[in-house]
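**Student:** Need the 3D shape of this:
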Amino acid sequence: MMQYRPSHERGGANFGWLESYHSFSFGSYHDPNHTNHGSLRVINEDYVQPGQGFGTHPHRNMEILSYVIDGAIAHKDSEGNEYQVPAGDFQLMSAGKGITHSEFNPSKTQALNFLQIWIMPNVTETEPGYQQKAFVQTEKAQLIFSPDGADGSLNIKQNAWLHRVRLSEGEDLSYPLVKTPEAYIHMVKGEVSINQSQALQAGDGLKISAETELVARAKTDNVEFLLFEV
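**Tutor:** Numbering: from 1, shown residues only. Predicted coordinates:
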């Protein structure tokens with residue numbers, strides 16, 4: 001079973017310095033039909049104006065992944081981590097028993113576009129942790145996080161897997177969905193067809209339940225999407 005959600009149906013907020021689009025209920029936006037999918041709790045696509053950002057704020061018992069699409073994030077947290085996360089990098093913060101952090105756009109001229117993704121952990125009250133990595137795309141489906149850090153992926157506290165999929169126009173990907181009963185696609189760029197029936201464009205989401213295989217075909221060049229098994 002597949003449930004399609006087009007980009008324009010996402011919730012959102014615009015504060016001037018921040019424009020945000022919510023795939024799942026978040027903040028003042030609540031949709032009982034879109035609260036989570038398996039352990040996947042939040043996908044926010046954020047656009048942050050130059051020199052602006054999120055001041056210091058707390059998190060607890062959540063796995064928080066940031067993926068920078070354009071620009072860079074200046075990250076600082078209460079564990080002493082202070083890094084810049086450039087476009088293409090993934091950052092995974094395990095909030096555990098409690099952490100505070102801030103995220104800013106350090107550029108004076110360029111807007112920051114990134115995805116903020118929350119995964120509910122399967123263990124709580126652990127020590128906070130921080131991981132950051134730039135992945136070289138060596139396969140059509142590149143493993144980004146996994147519960148055991150397989151193949152150099154980020155280690156997440158959940159039985160969940162994330163692949164970044166990149167395809168050129170006309171390329172196909174056949175992927176067996178055998179790890180969990182739930183999967184989710186978030187489109188980053190381009191256009192793709194899924195299982196010969198569902199077209200997806202940038203910002204679209206697709207909930208997948210009880211399917212055994214995913215077949216994706218790129219309809220444009222430079223296709224990119226995130227494939228979660230959650």
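
**Student:** ok, and for the helix or strand hosting residue 113, which residues are buried?
**Tutor:** Element membership for residue 113 (DSSP states H and E) is strand 112-119. Going by neighbour count (16 or more other C-beta atoms under 10 Å), the buried part of strand 112-119 is 112-119. Just so you know, the C-beta spots here come from the backbone N, C-alpha and C atoms, and that holds for glycine as well.

**Student:** same check, this time on stretch 18-27
**Tutor:** Of the residues in stretch 18-27, those buried (16+ other C-beta under 10 Å) are 18-26.

**Student:** what's the answer for stretch 209-223, then?
**Tutor:** For stretch 209-223, by 16+ other C-beta under 10 Å, it's 214, 216-219, 223.

**Student:** Does residue 21 touch residue 44 like I think?
**Tutor:** Yes. Under the criterion of C-beta atoms under 8 Å, residue 21 makes contact with residue 44 at 6.9 Å.

**Student:** Show me what the closest residue in space to residue 44 that isn't next to it in sequence bridges to in the sheet.
**Tutor:** Counting by C-beta to C-beta, 6 or more residues apart in numbering, the nearest residue to residue 44 once its immediate chain neighbours are dropped is residue 116, at 4.5 Å. Under the criterion DSSP bridges, residue 116 forms beta bridges with residue 44, residue 66.

**Student:** so who does residue 116 touch?
**Tutor:** Taking C-beta atoms under 8 Å, 6 or more residues apart in numbering, we find residue 116 in contact with 42-44, 46, 64-66.
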